[in-house]
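S.K.: pasting the sequence and the predicted model now:
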Amino acid sequence: MSLRVVTVFGGTGFLGRRIVRHLRERDFSVRIASRHPERGEELFGRDDPHLRSIETDIHDEDAVIAALAGAWGAVNAVSLYVERARETFHSVHVEAAGRIAALAHRAGLARLVQVSGIGADAQSKSLYIRKRGEGERAVRAAFAEATLIRPAVMFSADDAFLTTILALLRRLPVYPMFGRGSTKLQPVHADDVAEAIARTLQRVDAQLTFECGGPRVFSYEELLRTIAREAGLKPILVPVPFAIWHVLARVAEMLPTAPVTRNQVELMEVDTVASADLPGFAELGILPRAIEPTLQEIVQGGRAT
């Protein structure tokens, strides 16, 4: 009997490549749909007959149709954190997400998983959070049985989250915090999120929303101190009002590569903690891993130096 084929949009990305690996471990055949198919071959090689990389532009309807042809299910793991030219939060998180959902429904796919984020809210003042919420609406309108996965901020030993903070803590003896450092975060390992997605595709039921957060809720200050402690650092943490951050970000966005954006500031004004009213890791039989072992791996591995 042939394996069920799952198309993973964004399958070479930070989360996407982990989704691909976890799906293969559960005997799905995976079609890796991305703009750069050679990256899929670099990541996974060419020896597995149940892995195929194809070039796909999520803004091109014909390309999405081709990527979905003959598939049993699909995962949309495409994400955008900084807008550039035609790549906007609306074009990626709303238009493209809705397009994939509509074409997946038209193609008769049995399952669709849309990766969103905790706090997604179509009424939010934050453009990023608002477009995430609008994207969820667009997906459910086109594919009513779609499963929504909302992870908290994700980490791993090769991330751009912990490694960036650690690098800054090492370079800045006085570290400026967002606000008073009271924003709540629930960091989750990217592999735990990927495993959750794989397990949802094995479930009989669909049309659910899962929120995936790690085992501990930190305040931003607590997280900084935890990272510093694992690295043997004792930084001075200085509160900086969000109003000042917004001004700094507005100026920074004029640079070719902005070190901080208004979108990032807005995200740090909002708690990202999994809701107790929605299913999550427990319902999927997953015990999420703590952040400390990964911090030790980064420090011992010499990353973020």
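M.R.: All right, it came through fine.
S.K.: next SSE after the lowest-mean-pLDDT helix or strand in the chain?
M.R.: Lowest by mean pLDDT, DSSP states H and E among the helices and strands of the chain is helix 262-267, with a mean of 87. Once helix 262-267 ends, the next helix or strand along the chain (criterion: DSSP states H and E) is helix 292-300.
S.K.: which helices and strands sit right next to that following helix?
M.R.: Secondary-structure packing of helix 292-300 (3 or more CB pairs under 8 Å, 6 or more residues apart in numbering; DSSP states H and E): helix 162-171, helix 220-230. Glycine gets a C-beta too; all of them are placed from N, C-alpha and C.
S.K.: mind listing what's buried along the longest one?
M.R.: Buried residues in helix 220-230, counting neighbours by 16 or more other CB atoms under 10 Å, are found at 220, 221, 223, 224, 225, 226, 227, 228, 230.
S.K.: tell me the first helix or strand C-terminal of it.
M.R.: Downstream of helix 220-230, the next assigned helix or strand under DSSP H and E is strand 236-240.
S.K.: and that following strand, what's its mean pLDDT?
M.R.: For strand 236-240, mean pLDDT is 97.
S.K.: relative to helix 162-171, how tilted is that strand?
M.R.: Interaxial angle, strand 236-240 versus helix 162-171 (axes from the mean of the first three to the mean of the last three CA atoms, to 10 degrees): 110 degrees.
S.K.: alpha carbons only: can I get strand 236-240 in CSV?
M.R.: C-alpha atoms of strand 236-240 as CSV (Å, rounded to 0.1, in the frame of the first residue of the first chain):
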residue,chain,number,x,y,z
ILE,A,236,22.7,44.7,34.1
LEU,A,237,19.2,44.7,32.8
VAL,A,238,17.7,48.1,32.2
PRO,A,239,14.0,48.7,31.6
VAL,A,240,13.3,50.8,28.5
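S.K.: for it, packing partners?
M.R.: Other helices and strands packing on strand 236-240, by 3+ CB pairs under 8 Å, 6+ apart, are strand 174-178, helix 220-230.
S.K.: so which of the ones you listed comes closest to residue 3?
M.R.: Proximity to residue 3 (CB to CB) singles out helix 220-230 among the helices and strands packed on strand 236-240, at 40.3 Å.
S.K.: contacts for that closest one next, please.
M.R.: Here helix 220-230 makes contact (CB atoms under 8 Å, 6 or more residues apart in numbering) with 162, 165-166, 169, 175, 177-185, 187, 218, 234-235, 237, 268, 291-292, 295-296, 299.
S.K.: just the buried residues of helix 220-230 now: which is nearest residue 70?
M.R.: Checking the buried residues of helix 220-230 against residue 70 with CB to CB, the nearest one is residue 223 at 44.2 Å.
S.K.: picking that back up, farthest pair within the buried residues of helix 220-230?
M.R.: The span of the buried residues of helix 220-230, defined through CB to CB, is set by 220 and 230 at 16.3 Å.
S.K.: the strands in the stretch 1-150 of the chain, which residues?
M.R.: Remark: strands assigned in the stretch 1-150 of the chain by DSSP state E, counting those that start in this stretch are 5-9, 29-34, 51-55, 73-76, 111-115, 147-151.
S.K.: output the fifth one as CSV, nothing but the C-alphas.
M.R.: This points to strand 111-115. Coordinates of each C-alpha in strand 111-115 appear next as CSV, following Å, rounded to 0.1, in the frame of the first residue of the first chain:
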residue,chain,number,x,y,z
ARG,A,111,-6.3,17.1,5.8
LEU,A,112,-4.8,20.5,6.0
VAL,A,113,-2.7,22.0,8.9
GLN,A,114,-2.1,25.7,9.0
VAL,A,115,0.7,26.9,11.3
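S.K.: quick one: residues in contact with that strand.
M.R.: Residues from elsewhere that reach strand 111-115, judged by CB under 8 Å, 6+ apart: 6, 15, 72-77, 79, 97, 100-101, 104-105, 135-136, 139, 143, 145-149, 151, 197, 200-201, 206.
S.K.: specify the angle between the biggest helix by length in the chain and strand 111-115 in degrees.
M.R.: Using DSSP state H, we find that the single longest helix of the chain is helix 127-142. Interaxial angle, helix 127-142 versus strand 111-115 (the same axes, to 10 degrees): 170 degrees.
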